[in-house]
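Novice: What follows is a predicted protein model with its sequence.
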Protein chains: 2
Amino acid sequence: MLKDLDPLLHSQLRLGVMSLLMSVDSAEFTYLKEKTNSTAGNLSVQLDKLSEAGYITIEKSFRGKKPLTTCKITKQGLKAFEEYVNALKQYIGK
Amino acid sequence: MLKDLDPLLHSQLRLGVMSLLMSVDSAEFTYLKEKTNSTAGNLSVQLDKLSEAGYITIEKSFRGKKPLTTCKITKQGLKAFEEYVNALKQYIGK
DNA sequence: TAATTTTGGTTTATTTTATAAACTATTTTA
DNA sequence: TAAAATAGTTTATAAAATAAACCAAAATTA
């Protein structure tokens, strides 16, 4: 029987964010927005969900006088991502 | 920038169905239901969507006197599945 | 320098999707 | 022959994604 896919990661935008965060130390909101081609509103919501799940941390600060939101993947998020990829392989073969 | 994931395939149940149909000539409703661990209602709805998209064909007949629903992946469905897997690789690495 | 636009977001509303519940028809079993 | 099981479909509900509206400050431009 097919394994379940973590519903938190099985969403294009959240998966994209996690994928990007896998390969960098940290990423800014605007960077994620550009790379995922999402709207700010949608991204904001999905980042909150990932954060509430403990998959990422969100740090809000300022650069000069503009707000700056910085995201990092957590250890837990990394593990969840790897497990998701593993489960997914059952579906897409190898 | 990350490629879009075909929303029709980016659903656990529909992806599971397509994955199963990739490896067999045809599959019965009850087989798909068991393998995907889904409810009949949900499966029925998702099969219709795949069928409407032209990704599978659904044939309704009878075995003895019981209804028998048989599904096959189409050429178009196969192509869509392969493209989906390809796009996904961008997200999950390799 | 006052009005306008842009940046960097958040919050709320709407739409879409997935899932569950209720239902139908027939058939098998107790 | 009543009850339960099979093989589904249809409809209602819950959850999710997305879009729209909004906010505050900063930068631009008229």
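Specialist: Received it, and whenever you're ready, just let me know what you need.
Novice: who in chain A is up against chain B?
Specialist: A:1-2, A:4-5, A:7, A:10, A:12, A:15-16, A:19, A:22, A:34-37, A:84-85, A:88, A:90-93 (C-beta under 8 Å from any C-beta of the partner chain). Every C-beta, even on glycine, is put in place using the N, C-alpha and C of the backbone.
Novice: What segments of chain A are helices?
Specialist: Remark: helices assigned in chain A by DSSP state H are A:12-22, A:29-36, A:40-52, A:75-92.
Novice: deepest of the ones you listed, which one?
Specialist: helix A:12-22 (a mean of 22; mean count of other C-beta atoms under 10 Å in any protein chain shown).
Novice: from what I can see residue A:88 touches residue A:5, true?
Specialist: Yes: the pair residue A:88 and residue A:5 passes the contact test of C-beta atoms under 8 Å, sitting 6.5 Å apart.
Novice: quick one on the thing from earlier: would a markdown table of the helices of chain A with distance to residue B:68 and mean pLDDT be doable?
Specialist: Below are the helices of chain A laid out as a markdown table (distance: least, C-beta to C-beta, whole Å; pLDDT from 0 to 100):
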| stretch | distance to residue B:68 | mean pLDDT |
| --- | --- | --- |
| helix A:12-22 | 35 | 96 |
| helix A:29-36 | 44 | 95 |
| helix A:40-52 | 42 | 95 |
| helix A:75-92 | 26 | 95 |
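Novice: So which of the ones you listed is nearest DNA strand D?
Specialist: Between DNA strand D and those, the shortest separation by C-beta to the nearest atom of the strand is 2.4 Å, and it involves helix A:40-52.
Novice: which other helices and strands contact the closest one?
Specialist: helix A:12-22, helix A:29-36, strand A:56-63 (3 or more C-beta pairs under 8 Å, 6 or more residues apart in numbering or on different chains; DSSP states H and E).
Novice: Make JSON lines from these and add distance to DNA strand D to it.
Specialist: Formatted as JSON lines, these follow (distance: least, C-beta to the nearest atom of the strand, whole Å):
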{"stretch": "helix A:12-22", "distance to DNA strand D": "5"}
{"stretch": "helix A:29-36", "distance to DNA strand D": "9"}
{"stretch": "strand A:56-63", "distance to DNA strand D": "8"}
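Novice: for the ones you listed, which one sits closest to residue B:57?
Specialist: helix A:12-22 (27.3 Å; C-beta to C-beta).
Novice: Not counting its own residues, what contacts that closest one?
Specialist: With C-beta atoms under 8 Å, 6 or more residues apart in numbering or on different chains as the test, helix A:12-22 has contacts from A:8-9, A:27, A:31-32, A:35-36, A:38, A:42-43, A:46-47, A:49-50, A:55-56, A:71-73, A:77-78, A:81, A:84, B:2, B:4-5, B:7, B:10, B:90-93.
Novice: Next, the angle helix B:75-92 makes with that helix.
Specialist: 40 degrees (axes from the mean of the first three to the mean of the last three C-alpha atoms, to 10 degrees).
Novice: is helix A:12-22 up against DNA strand C anywhere?
Specialist: No: applying C-beta under 7 Å from any atom of the strand, one finds helix A:12-22 out of contact with DNA strand C, separated by at least 10.9 Å.
Novice: Noted, bye for now.
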